[in-house]
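Student: Next one to model:
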Amino acid sequence: MAGIHWNMTLSERNAFFKIGIVFSFICVILILTASFFIMPVYKTANQSISHDAFGREEITRPSSIFQVFSGIFIKNSYYAVHIAVILSVLFSLFGMILIHSSFERTAAPEMLYIAIFTVSFAFEALRLILPLHFLMNFPSVYIRFTARVLLFARVFCIFSLFAASIYAAGLEIQKNRNVIFIIIIATMLITLRVPIDVLNWDTGMNMVNGFISVFRLIEMAVFVTTMIGFVIAAKIRGSLEYKHVMIGAVLALIGRNILLSTDNWIGLGTGIGLLVFGTWYLCSKLHKIHLWL
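Tutor: Predicted coordinates:
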């Protein structure tokens, strides 16, 4: 593998940050524009127990742990889901602005992957293809392609945070190219092999993909190994601040899981709150660590 290592310079990494900001801003404009056409679709939402806003007689609600518990007490709302999508994209935009402003002159190798984690939330705008399909009747191939792009972004998101913990634990910075390449290949293999039924989605405007239990196992494995990576970093580097980074990463991942799978207002508030605080907390601790290096 000699000769293919790529050490991203600070200016190149900052250029990626700026591209992420521009991309997120474009997604914000598109999603706010689309909202004017989509909002009327939700007017019939929850008017009956047996029918949803899209006229289906059977409704599938998201099955994450928090969602199952909150769903017992709280009725689903497509308005809450729509706001969750908007806040996801806004989180991507303002998160990238925060990362760029805080780490523009700081060579923190973990931040490239945390930036990828952050910008991936801009792809949540693709969930709105479902209400748009109700209005415009897109061919199923467009919906299936969109679902795979969104799935790729979500898997790449959690793998990126895992990669950040590996770098914190001491992986050579020169292996940037190899790590990114491995993550892309692994994500593509997962994404392309998952069966997608374009007619089956839940009230969180998420398509119900095949192998859901496998995805949950992957997310749990990444969750645990990410925590272990930051704990190892704390011991190797002799800095307890990395344990605080781990806490931030855990909160961000929990918030992400809640926000992306919720169909009610409680999940919306809890998810975005944990995601924003967790991401801010881990970024602030990493900034403190590298400020003193």
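Student: Any regions of the stretch 151-293 of the chain where pLDDT drops low?
Tutor: Scanning the stretch 151-293 of the chain with the threshold set as pLDDT under 70 gives 171-177, 209-211, 292-293.
Student: change it to 80
Tutor: Regions of the stretch 151-293 of the chain meeting the criterion pLDDT under 80 cover residues 168-180, 194-216, 237-239, 290-293.
Student: Helices of that one, start to end?
Tutor: 176-193, 212-237, 241-261, 265-291 (DSSP state H, counting those that start in this stretch).
Student: hey, which of these is tucked in deepest?
Tutor: Sort the helices of the stretch 151-293 of the chain by mean neighbour count, taking mean count of other CB atoms under 10 Å, and helix 241-261 sits at the top with a mean of 22. To be clear about C-beta, it is placed using only N, CA and C from the backbone, and glycine gets the same treatment.
Student: could you give the angle of that helix to helix 212-237?
Tutor: In terms of direction (axes from the mean of the first three to the mean of the last three CA atoms, to 10 degrees), helix 241-261 departs from helix 212-237 by 160 degrees.
Student: now the most centrally placed residue in the chain: how far from A249?
Tutor: Central residue of the chain (CA atoms, centre = their mean): F121, 4.5 Å from the mean position. Using CB to CB, to the nearest Å, F121 is found at 15 Å from A249.
Student: returning to that earlier point: next, count neighbours for the closest residue to the residue nearest to the centre of the chain other than its chain neighbours.
Tutor: Using CB to CB, 6 or more residues apart in numbering and skipping the chain neighbours, the partner closest in space to F121 is S92 (4.1 Å). As a burial measure, S92 scores 26 neighbours (other CB atoms under 10 Å).
Student: List the contacts of stretch 18-38.
Tutor: Residues from elsewhere that reach stretch 18-38 (CB atoms under 8 Å, 6 or more residues apart in numbering): 82, 85-86, 89-90, 92-93, 96-97, 100, 115, 118-119, 122-123, 125, 128, 131-132, 135.
Student: Same question for stretch 141-154.
Tutor: The contact list for stretch 141-154, computed with CB under 8 Å, 6+ apart, reads 120, 123-124, 126-127, 129-130, 133, 187-188, 191-192, 194, 196, 198, 207, 209, 260.
Student: From those residues, list the buried ones, please.
Tutor: For those, a burial check counting by 16 or more other CB atoms under 10 Å picks out 120, 123-124, 126-127, 129-130, 133, 187, 191, 194, 196, 198, 207, 209, 260.
Student: Of these, which pair is most distant in space?
Tutor: Taking CB to CB as the measure, the buried ones among the contacts of stretch 141-154 reach their widest spread between H133 and T187, a distance of 25.1 Å.
Student: distance between the ends of stretch 197-213?
Tutor: For stretch 197-213, the first-to-last residue distance is 16 Å (CA to CA, to the nearest Å).
Student: Counting neighbours, show which residues of that stretch come out buried.
Tutor: So, applying 16+ other CB under 10 Å, buried residues of stretch 197-213: V198, W201, D202, T203, G204, M205, N206, M207, N209.
Student: Over to stretch 158-170?
Tutor: Under 16+ other CB under 10 Å, the buried positions of stretch 158-170 are I158, F159, S160, L161, F162, A163, A164, S165, I166, Y167, A168, A169.
Student: Turn those residues into TSV, including distance to I289.
Tutor: TSV is the format used below for the buried residues of stretch 158-170 (distance: CB to CB, whole Å):
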residue	distance to I289
I158	22
F159	22
S160	19
L161	17
F162	19
A163	17
A164	13
S165	13
I166	16
Y167	12
A168	9
A169	13
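Student: quick check, nearest of those residues to L240?
Tutor: Within the buried residues of stretch 158-170, distances to L240 taken as CB to CB reach their minimum at A168, with 13.0 Å.
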